[in-house]
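Peer 1: give me the fold of what follows.
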Amino acid sequence: MTPNTHHAIALVNARLIDPESGYDGPGSVIIAEGVIADVIFSDVPPSGSADYKVIDCDGNLVCPGLIDLRVKTGEPGHEQKETLKSASLAAAAGGVTSIVVQPDTHPVIDEPAMVDFILRRARDIELVHVYPAGAATKGCDGKTMAEIGLMNEAGALYFTDVDQPIINTKVFGRVLSYAGGFGALVAHRPKEPWLSDGAVATSGEMASRMGLSGVSALAERIALERDLAMVELTGARLLVDQISTAASVETLKRTKAKGLEVYASVSINHLVFNEFDIGDYRTFYRLDPPLRAESDRVALVDAVEDGVIDVIVSNHCPAPAEDKRLPFSQATPGAIGLQTLLAALIGLHFDREIPLIDLLRAVTINPANILGLDAGRLKKGAPADIILVDVDAPFALREKDILSKSKNSPFENRTLQGKVLKTLVDGRIVYTTE
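Peer 2: Residues are numbered from 1 along each chain as shown. The predicted model follows:
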C-alpha cells in the first residue's frame, strides 16, 4: 500500500491537532519525499493541488502518529507470542507509527549486536518505526551493568531491565552514573521486591474478598523514593516506568519541583480500569503493576492532564491463550494494547472532557522530545508519520479484528470510539480502511 512516490500527497479539509505548537483547528498537510513539505494552519486549501494526490479528510482528525515507548514482542525467542511484524501491523492499525521494543527477549538485548538485529529486522519489515531499548544489566538480572555505551552508539533509545527492578542500589547507581555521562535515558520500574513478591492484586477489600494475594500501593512509593534519591545523587536522566498510584504522583511532583531531569510514564490500562475490573477473575485484567483503586486512577488521569505524568504507553504485553487460561494467580500478567491505545485515549477525552490535544501530547511530542526523535509533530521537514482518524466513529473490538498474534486484550468486545482511517509512515500509507 505504498503510494506513488512521484506524487506528493495533500491531506486537505482536516482538523489538525499539533501538540507541539498547541494548534487545534482546520488545516492541510502536504507530504513529499517522506517528510512534511508544508503545514497550512487554516481552512484555506493549498495552492497547486493538481500536483498532489489529494486526500479529502472530510473534517476528520489529522495528527502526528503515536509514539509508544513500551512495547513487548516475542522476537527473538518467543515468536509464538508476537513477532516484530505482527506488532508492527497492530501498531499501524492503531495509529502508532513508532514503537520502542523492550529488551527482555531471548536472548536479551544487552549487547550492540542485538540492537543491530532489531533495527535490521524493522528495516526489512518496512511498516512502522521500530526502535530497541537496551538492557540496563546483563540478562536483565540486576547484577552486572550491560554494555550501555556501545548499545547507545548502536541505536538503543534508552536502558531498562523492564519488569525486573534493580534491587542492588550500588548497581542501580552505577547504571545511572554511567548512562548520565553521555546523556542516555534510564527507565526503571518502582517496585519494592519483597513487598511485591507473590502479589497479583492491590491490597484492600477487593483482593481480600477474592482471596488474592495483594501488594500495598506503598511498595511503589518506597521504591520510587529510593530511585529519585539516586537521581539527585547522580544527576542522571530517569524515566519512572509506569507510575500507578496517587502517592507516587505526589512524590513525583516534589521531585520535579527540584528541576531534576525526571519523567514518568503511565499505562493506558491504569487510566481506564481499576481494581474492580478483576471482579470476575478475568485474567485479561491480570496486569503488572496490578490495577489500583479508583482514587488512584483518578489521580493518574489528573496528573496526565496537569503534565506531571509526561508519557502514556500501551504497555503492550502479548501472552498466548495457554498463559492466560489459568487461575487468576497463575496467569501470566499483561495485556496487548497497540491497537487500542488511541481509541482508549479518545474515550478518556469524551468521558473526562480532557482536551484531546493534552492526551495526544503524552503519546506524540513528549516521548519524541524525551527520546530525541524528530517525529511527533506537524512541522515542515519532520518525518511524515501522520494519522487520519474519525474521532466520532464507534467500533467494537472483536477477536477476529486483533492483528497481534496474542489476543489478550481487556478491551475485547467493548465499544470503543475513534477509528483510524489511514496511517502514514515516512509518507507511505501503511494502513488504510479503504
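Peer 1: now the helices for the stretch 51-200 of the chain?
Peer 2: 84-93, 112-125, 148-154, 169-180, 193-196 (DSSP state H, counting those that start in this stretch).
Peer 1: number of nearby residues for A393?
Peer 2: A393 has 16 neighbouring residues, counting by other C-beta atoms under 10 Å. To be clear about C-beta, it is placed using only N, CA and C from the backbone, and glycine gets the same treatment.
Peer 1: sorry, slip of the keys, the one I care about is N408.
Peer 2: The burial count for N408: 26, using other C-beta under 10 Å.
Peer 1: show me what contacts it?
Peer 2: N408 makes contact with 283-284, 317-321, 324, 334-336 under the criterion C-beta atoms under 8 Å, 6 or more residues apart in numbering.
Peer 1: now mean neighbour count too, for the helices of the stretch 51-200 of the chain, in TSV please.
Peer 2: TSV is the format used below for those (neighbours: other C-beta atoms under 10 Å):
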stretch	mean neighbour count
helix 84-93	26
helix 112-125	17
helix 148-154	19
helix 169-180	19
helix 193-196	14
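Peer 1: now, the most widely separated pair of the contacts of N408?
Peer 2: Farthest-apart pair in the contacts of N408 is C317 and A321; separation 14.5 Å (C-beta to C-beta).
Peer 1: what helix or strand is A223 on?
Peer 2: For A223, the host element (DSSP states H and E) is helix 218-234.
Peer 1: where does the protein have low pLDDT?
Peer 2: The chain contains residues with pLDDT under 70 at 1-7, 48-50.
Peer 1: re earlier: what's the helix holding A223 packed up against?
Peer 2: Secondary-structure packing of helix 218-234 (3 or more C-beta pairs under 8 Å, 6 or more residues apart in numbering; DSSP states H and E): helix 169-180, helix 193-196, strand 237-240, helix 246-256.
Peer 1: can you do 6 Å?
Peer 2: Counting contacts by 3 or more C-beta pairs under 6 Å, 6 or more residues apart in numbering; DSSP states H and E, helix 218-234 is packed against helix 169-180, helix 246-256.
Peer 1: for that helix, which outside residues touch it?
Peer 2: Helix 218-234 has contacts (C-beta atoms under 6 Å, 6 or more residues apart in numbering) with 173, 176-177, 180, 188, 190-192, 195-196, 238, 245, 247-248, 251, 255, 260, 262.
Peer 1: change it to 8 Å
Peer 2: 165, 169, 172-173, 176-177, 180, 188-192, 195-196, 236, 238, 240, 243-245, 247-248, 251-252, 255, 258, 260-262, 289.
Peer 1: and those residues, which of them are buried?
Peer 2: 165, 172-173, 176, 180, 188-192, 195-196, 236, 238, 240, 243-245, 247-248, 251-252, 255, 262, 289 (16 or more other C-beta atoms under 10 Å).
Peer 1: JSON lines please, covering the helices and strands packed on helix 218-234 and showing distance to I386.
Peer 2: Below are these laid out as JSON lines (distance: least, C-beta to C-beta, whole Å):
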{"stretch": "helix 169-180", "distance to I386": "32"}
{"stretch": "helix 246-256", "distance to I386": "31"}
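Peer 1: indicate which one of these is closest to V35.
Peer 2: Closest approach to V35 among the helices and strands packed on helix 218-234 (C-beta to C-beta): helix 169-180, 30.9 Å.
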